[in-house]
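Asks: predicted model follows, preceded by the sequence.
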There are 2 protein chains.
Amino acid sequence: MYAENKLFKNLPEQYLKRIPFYHQILSELALKNEAYVSSRYLAGFFNVDETQIRKDISLTGYKGKPKYGYSVQGLKEAIEAYLGINYHNTAVLFGAGKLGTALIEYEGLADYGLEIIAVFDNNPVKIGSPVGHFNILSPSALPRVIRSFDIGIAILTVPKTAAQEVCDQVTAMGIKAIWNFAPLQLSVGMDVILRNENLAAGAALLSYYLKKSNHRQEGP
Amino acid sequence: MYAENKLFKNLPEQYLKRIPFYHQILSELALKNEAYVSSRYLAGFFNVDETQIRKDISLTGYKGKPKYGYSVQGLKEAIEAYLGINYHNTAVLFGAGKLGTALIEYEGLADYGLEIIAVFDNNPVKIGSPVGHFNILSPSALPRVIRSFDIGIAILTVPKTAAQEVCDQVTAMGIKAIWNFAPLQLSVGMDVILRNENLAAGAALLSYYLKKSNHRQEGP
DNA sequence: CTCTGTGAACTGCTTCACAGCG
DNA sequence: CGCTGTGAAGCAGTTCACAGAG
């Protein structure tokens, strides 16, 4: 869910959501040394018609070859260039718990535009200890890091009870976007972009579709 | 992204995605002892008009009071009943790494219809050790657990390299839905519901909106 | 004949406009 | 009046239909 106030709707949001999946699929095909891929094949991974795939790809500016399809390498590189130009940003991560560590070690976050620069935690016991290839820093280092590296995004993987406080701290220091994993609604200023990641939302959708499919089997 | 083949589109997907957030917001209001909430207030958390909120709520069957709004307790309970009836499912989690552990400990996964029954891992060193309030089980116990507890969903938080193998294993045992966190596209039968969670997709969207907002400040 | 590329038609989600109730 | 509830209108995203390139 977004609170970015509809300022920048020039690219279809559905398209933006599909782009990273295209890249993932293309990376797999590249590993298998596939040379070409058709819009039909790509459409198989989504609930959309192959035409939609062609429209999406045309938005990145890449051109396919009639009869052959799209060059796997070419399209992959086109998307990477596109992501690099349009998406690349630096972030700090706050909260070196299980979820924070998982995110730090998550493959390919950087591939999709988000480079984590530093990791912070309020717990003095954790400060100084390593996580991934970072050392956990004290929040007192935040202002220096944010200014030195021109950080735009803060990733919040702190407990629910600490989230609003940390959010206020980082936005006061000029952070312009929050990626919140704590299960609560943060309040932020109008100029701050907020994305709430609610893992439970995914669970609810999956449960719903499974229930429906069971009912279907029992029904007429 | 889904591969559930459009069989069950009777409820708007956008609505299904908003429902868990409504519940989260209502839980916070309940803690603050707020008695009523308006559709306008709820709309503030999303990029939609307040009318849309009223349509969503009417789909759950709950009725508000003109002039007052919706009862926080009443609506919260209505959504819980709705989720309980329509969503509740049992799941096994495979892969007791950082992300798996984070999911197990994630607050309120059960609130949104997904109850984790058991946790498995291929690593013999981990088997038998505790994670959350579970003990990690050997995959050899899978058939027994799936049959005994009528498990419908498998959550995959295994490394990329193991994901397809584990996926094949569990679907062969009758699992009908996969929630995949490994960053690759799994191939499954037509009758299996597949949800791919791609954390990077969220990162890409956030990066895009931040870039846009920066350009806007510089532009005309 | 196959697969891309794109304007036109369509579908479904969102907003508008307004009736109804406290 | 304030806020819900809902049919009608509007719009974004998807699919259809078909031209074009190899």
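Replies: Perfect, I can see it now. Numbering: from 1, shown residues only, chains lettered A, B, ... in the order given.

Asks: against which helices or strands is the helix or strand encompassing A:Arg144 packed?
Replies: Secondary structure assignment for A:Arg144, by DSSP states H and E: helix A:142-149. Here helix A:142-149 touches strand A:89-94, strand A:114-120, helix A:160-172, going by 3 or more C-beta pairs under 8 Å, 6 or more residues apart in numbering or on different chains; DSSP states H and E. Every residue, glycine included, has its C-beta placed from N, CA and C.

Asks: what ranges do the strands span in chain A?
Replies: A:36-37, A:70-71, A:89-94, A:114-120, A:130-131, A:134-135, A:153-156, A:177-180, A:193-196 (DSSP state E).

Asks: using JSON lines, lay out those strands together with distance to B:Lys160, mean pLDDT and mean neighbour count.
Replies: Formatted as JSON lines, these follow (distance: least, C-beta to C-beta, whole Å; pLDDT from 0 to 100; neighbours: other C-beta atoms under 10 Å in any protein chain shown):
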{"stretch": "strand A:36-37", "distance to B:Lys160": "20", "mean pLDDT": "98", "mean neighbour count": "20"}
{"stretch": "strand A:70-71", "distance to B:Lys160": "24", "mean pLDDT": "98", "mean neighbour count": "22"}
{"stretch": "strand A:89-94", "distance to B:Lys160": "21", "mean pLDDT": "96", "mean neighbour count": "24"}
{"stretch": "strand A:114-120", "distance to B:Lys160": "19", "mean pLDDT": "95", "mean neighbour count": "22"}
{"stretch": "strand A:130-131", "distance to B:Lys160": "21", "mean pLDDT": "96", "mean neighbour count": "14"}
{"stretch": "strand A:134-135", "distance to B:Lys160": "22", "mean pLDDT": "97", "mean neighbour count": "15"}
{"stretch": "strand A:153-156", "distance to B:Lys160": "22", "mean pLDDT": "97", "mean neighbour count": "26"}
{"stretch": "strand A:177-180", "distance to B:Lys160": "22", "mean pLDDT": "96", "mean neighbour count": "24"}
{"stretch": "strand A:193-196", "distance to B:Lys160": "24", "mean pLDDT": "92", "mean neighbour count": "22"}
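
Asks: near DNA strand D, which residues of chain A show up?
Replies: Taking C-beta under 7 Å from any atom of the strand as the measure of proximity, chain A contacts DNA strand D at A:12-15, A:47-49, A:51-52, A:55, A:65-67.

Asks: which of those residues fall within helices?
Replies: Taking DSSP state H, the ones among these that sit in helices are A:13-15, A:51-52, A:55.

Asks: out of the residues you listed, which are buried?
Replies: A:Gln52 (16 or more other C-beta atoms under 10 Å in any protein chain shown).

Asks: ok, which pair from the ones in helices among the residues of chain A next to DNA strand D is furthest apart?
Replies: Greatest spacing in those, by C-beta to C-beta: A:Glu13 and A:Thr51 (18.5 Å).

Asks: now stretch A:50-68: buried residues?
Replies: Buried positions in stretch A:50-68, judged by neighbour count with 16+ other C-beta under 10 Å: A:52-54, A:56-57, A:60, A:62, A:64.

Asks: for chain A, which residues are neighbours of DNA strand C?
Replies: So far as C-beta under 7 Å from any atom of the strand goes, chain A lies against DNA strand C at A:38-40, A:50-51, A:54-55, A:57-58, A:63-70.

Asks: at 10 Å instead, please
Replies: Residues of chain A lying close to DNA strand C by C-beta under 10 Å from any atom of the strand are A:6, A:13, A:36-43, A:49-70, A:75.

Asks: got any ranges where chain A has weak pLDDT?
Replies: For chain A, residues meeting the criterion pLDDT under 70 lie at A:1-9, A:215-220.

Asks: determine the number of other residues adjacent to the closest residue to A:Ser187 other than its chain neighbours.
Replies: Nearest-residue entry for A:Ser187: A:Gln164, 7.2 Å, with adjacent residues in sequence omitted and distances by C-beta to C-beta, 6 or more residues apart in numbering or on different chains. For A:Gln164, the neighbour count with other C-beta atoms under 10 Å in any protein chain shown is 18.

Asks: wait, doesn't A:Gln164 sit right on A:Val188?
Replies: No. Using C-beta atoms under 8 Å, A:Gln164 is not in contact with A:Val188; the gap is 9.5 Å.

Asks: what are the structural domain limits within chain A?
Replies: According to automatic domain parsing, chain A comprises the domains A:13-86, A:88-200.

Asks: so is the shortest one next to chain B?
Replies: Yes. In this structure, domain A:13-86 sits against chain B according to C-beta under 8 Å from any C-beta of the partner chain; the contacting residues are A:13, A:16-21, A:24-25, A:28, A:44-47, A:83, A:86.

Asks: residues in contact with A:Leu93?
Replies: Residues in contact with A:Leu93 (C-beta atoms under 8 Å, 6 or more residues apart in numbering or on different chains) are A:100, A:103-104, A:116, A:118-120, A:154-155, A:157.

Asks: just A:Glu50 next, same as before
Replies: A:Glu50 makes contacts with A:38-40, A:42-43, as judged by C-beta under 8 Å, 6+ apart.

Asks: could you dump stretch A:33-47 to PDB, C-alpha only?
Replies: The C-alpha trace of stretch A:33-47 is given here as PDB (Å, rounded to 0.1, in the frame of the first residue of the first chain):
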ATOM      1  CA  ASN A  33      21.500 -20.800 -22.400                       C
ATOM      2  CA  GLU A  34      18.200 -20.200 -24.100                       C
ATOM      3  CA  ALA A  35      18.700 -17.600 -26.900                       C
ATOM      4  CA  TYR A  36      15.100 -16.400 -27.400                       C
ATOM      5  CA  VAL A  37      11.900 -16.100 -25.500                       C
ATOM      6  CA  SER A  38       8.400 -15.500 -26.700                       C
ATOM      7  CA  SER A  39       5.800 -13.200 -25.100                       C
ATOM      8  CA  ARG A  40       3.600 -16.300 -24.900                       C
ATOM      9  CA  TYR A  41       6.200 -18.100 -22.700                       C
ATOM     10  CA  LEU A  42       6.500 -15.100 -20.400                       C
ATOM     11  CA  ALA A  43       2.700 -14.800 -20.200                       C
ATOM     12  CA  GLY A  44       2.600 -18.300 -18.800                       C
ATOM     13  CA  PHE A  45       4.000 -17.000 -15.500                       C
ATOM     14  CA  PHE A  46       1.300 -14.300 -15.100                       C
ATOM     15  CA  ASN A  47      -2.500 -14.100 -15.300                       C
END
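
Asks: before we move on, the earlier item: just name the most buried of the domains of chain A.
Replies: Among those, ranked by average contacts under mean count of other C-beta atoms under 10 Å in any protein chain shown, first place goes to domain A:88-200 (a mean of 19).
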